[in-house]
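# pasting a predicted model and its sequence here:
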There are 2 protein chains.
Amino acid sequence: MITVPVDSVRIFIEACLVRLGLEPLHAEISARHMAFADARGTDTHGIMQLPVYARRIRDGGINRSPNPVWEQETDQSAVLNGDHGMGHYSAHLAMEKAIEKARSHTISFVTIRNASHFGAASSYAKMASDAGMIGFVTSNAAALMAATGGTERVLGNNPICFAVPRKDRDPVILDMACSNVAMGKLVMAQNKGESIPLGWALDKNGNPTEDPYEGFQGGGSLVPIAGHKGYGLALIMDILAGVLSGSNYGKNVGRMADSAVPTGIGCSMIVLNLARILPPDLFGERLEDLLGMVLSSGKGANRIYLPGEKGADTARERQASGVPIPEALIAQLAGIADELGIDTQAYGF
Amino acid sequence: MITVPVDSVRIFIEACLVRLGLEPLHAEISARHMAFADARGTDTHGIMQLPVYARRIRDGGINRSPNPVWEQETDQSAVLNGDHGMGHYSAHLAMEKAIEKARSHTISFVTIRNASHFGAASSYAKMASDAGMIGFVTSNAAALMAATGGTERVLGNNPICFAVPRKDRDPVILDMACSNVAMGKLVMAQNKGESIPLGWALDKNGNPTEDPYEGFQGGGSLVPIAGHKGYGLALIMDILAGVLSGSNYGKNVGRMADSAVPTGIGCSMIVLNLARILPPDLFGERLEDLLGMVLSSGKGANRIYLPGEKGADTARERQASGVPIPEALIAQLAGIADELGIDTQAYGF
């Protein structure tokens, strides 16, 4: 592991994206959301994706100079056509718009068609909680899960994210996928030659498997959380994010690995201006009372964590001490930097 | 089992509620939502609850002549004070209001404080889908689950419900609780002297148990779906339904068994007028395309069901052939009818 300051991670990503031909503003905003994921310990959604995005930008799967357009707008809602640019940029624009509309109209809905992978949903939901509002963010993703009773991958393990503001404290942030585990866990197990626990994956015939190859490359699928409930949640999220936005949905959402093809991901966001419902101070007092009940509901050695608490702790720690990056990823990043004429030493690695 | 026509179930409930002193309109609407649950096969949320409600109405836990008041209202949102009347009535009013606001303002949020148990969330979400909109309904409930790492019951297994309209077809309705199983399953196992599978409940020290007594009366708790994800979802639903509404939350939500004490349940609803986002015909075509992908994603003998499909099938079946009611419940209902001077024979049982 090599430890790199959070700001260096962010500025390095930004520099690479600019050299890859992105507008400086798109690069700056995308880098900010990627480094947010790295800081919080959501390592799968930060700088680890830079090589993937770089390849997609070069091959055309991500549009390096998109022209995002608001296609449909009411006082409370809007549809953004992201034009297949960086997903972080369109998601950021969409959340800004949702917050602005909720400020004057209590509750808003903004959806993005022709979005791209946006990294960590929590990064956008937190924009709402930073504005004193409740944020909800979802997205679809390339199909990795079968429906209950099905055998074919037909739904992504679509994220569900809520952020709730607290007074002078880190927001409550629930950011969860609709599958028991990420596909990355199968890949890691396969690389190590290990088996996987039952409950992670099904083989191509819909039977539980302990073989990571059968669960992924052999044509299998990830197991939804809580059986039919996770399947149902993933379907509803795809309806909100894919069907309603006018973007791709179901098995038509493009895979990240097909680097020349836009994913056509869709995203949706809701922002609720809680001050129109209850005075914010009263909401804050009541929320702390509930969270206090939860935090004090254990006995013995187990500590209870609020959703998002570990991520916020990690972010504080990494702001101070830096982001640990595996050597193999450092080598990949050095390769990209070299091609782009960027000196990694200036960024501390 | 005795089989009773759905309409007789509804009219019998209505008659009992009127004799118990409810306003005829409150009784009529409550009976409609209870019979909806019975028709769809959600037997735990229909006429089975009538003895519970009757006792609560008599003992004061449900206010028989409430004065529901809109306490806070904007163009897009409203707070209803349900005054501890029947939860079905206040939830019905709240959903009507949410639909009305979404019709003219795209997306709406309505919350209820001093609500009561409202039966099946799907009954209200379906009002939105019947109006061509997407409905979301949640509620809190008496604490039955511990937080991840905790030992004390601190959160209800709060329902999460979405309804999505289809053209000339039953809506997609996801109606799920945040626990793996309902507490009723533990009670049934205990009554039969059976053990329960690991994963249903924890004992009072937070350890997995196969003993239904330890999971419930011994002070244990239900296991959330997907571990920390189900705990997180239940917490967010309580924030939306309890904290934000001004109602009770966490372990302060009253238990149904304490029949003299209002539960102080809170509920929240969001309605999204999809016609402001995408032309409804186009939405409908795209939705059918996604649902078609899902329904055809199996091979072999397993049939794939859409969320809510089994309930809709059961409703058609029971509309034709009636609701099967266990003898023991029939005897309880006959007792209530007798006390209220109602002749059950007129209702076919």
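Looks like it arrived, so ask away.
# contacting residues for residue A:164?
Counting by C-beta atoms under 8 Å, 6 or more residues apart in numbering or on different chains, residue A:164 touches A:129, A:134, A:171-173, A:287, B:236, B:239. Glycine gets a C-beta too; all of them are placed from N, C-alpha and C.
# show me which of those residues is closest to residue B:349.
The nearest member of the contacts of residue A:164 to residue B:349, counting by C-beta to C-beta, is residue B:236 at 42.0 Å.
# so which helix or strand takes in that closest one?
Following DSSP states H and E, one finds residue B:236 within helix B:228-238.
# need the contact partners of the helix or strand bottoming out on mean pLDDT in chain A.
Every helix and strand of chain A was ranked by mean pLDDT, DSSP states H and E. The lowest is helix A:183-192, at a mean of 89. The contact list for helix A:183-192 (C-beta under 8 Å, 6+ apart) reads A:44, A:144, A:157, A:195-196, A:200-201, A:212-213, A:215-217, A:222.
# so the helix or strand where residue A:286 lies, near chain B or not?
For residue A:286, the element it lies in under DSSP H and E is helix A:280-295. Yes - judged by C-beta under 8 Å from any C-beta of the partner chain, helix A:280-295 comes into contact with chain B through A:282-283, A:286-287, A:289-290, A:293-294.
# next, give phi and psi for residue A:70.
Note on residue A:70: its backbone torsions stand at phi -80, psi 110 [degrees, to the nearest 10].
# pretty sure residue A:175 is in a strand, no?
Yes - assessed with DSSP: H, G, I helix; E, B strand; the rest coil, residue A:175 lies in a strand.
# who are the packing partners of the helix or strand hosting residue A:123?
Taking DSSP H and E as the criterion, residue A:123 maps to helix A:122-130. Counting contacts by 3 or more C-beta pairs under 8 Å, 6 or more residues apart in numbering or on different chains; DSSP states H and E, helix A:122-130 packs against helix A:24-40, helix A:87-105, strand A:134-139, strand A:160-166, strand A:169-176, strand A:265-272.
# a markdown table for these, including distance to residue B:53?
Output for the helices and strands packed on helix A:122-130, formatted as a markdown table (distance: least, C-beta to C-beta, whole Å):
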| stretch | distance to residue B:53 |
| --- | --- |
| helix A:24-40 | 46 |
| helix A:87-105 | 37 |
| strand A:134-139 | 32 |
| strand A:160-166 | 32 |
| strand A:169-176 | 33 |
| strand A:265-272 | 32 |
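# got TSV for those, with distance to residue B:252 and mean pLDDT too?
Below are the helices and strands packed on helix A:122-130 laid out as TSV (distance: least, C-beta to C-beta, whole Å; pLDDT from 0 to 100):
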stretch	distance to residue B:252	mean pLDDT
helix A:24-40	32	98
helix A:87-105	29	98
strand A:134-139	21	98
strand A:160-166	19	98
strand A:169-176	19	98
strand A:265-272	23	98
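# the helix holding residue A:286: which residues count as buried?
Judged by neighbour count using 16 or more other C-beta atoms under 10 Å in any protein chain shown, the buried positions of helix A:280-295 are A:283-284, A:286-287, A:290-291, A:293-295.
# could you export those residues as a markdown table, including pLDDT and distance to residue B:319?
Shown next, in a markdown table, are the buried residues of helix A:280-295 (pLDDT from 0 to 100; distance: C-beta to C-beta, whole Å):
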| residue | pLDDT | distance to residue B:319 |
| --- | --- | --- |
| A:283 | 98 | 44 |
| A:284 | 98 | 48 |
| A:286 | 98 | 43 |
| A:287 | 98 | 44 |
| A:290 | 98 | 42 |
| A:291 | 98 | 45 |
| A:293 | 98 | 44 |
| A:294 | 98 | 43 |
| A:295 | 97 | 48 |
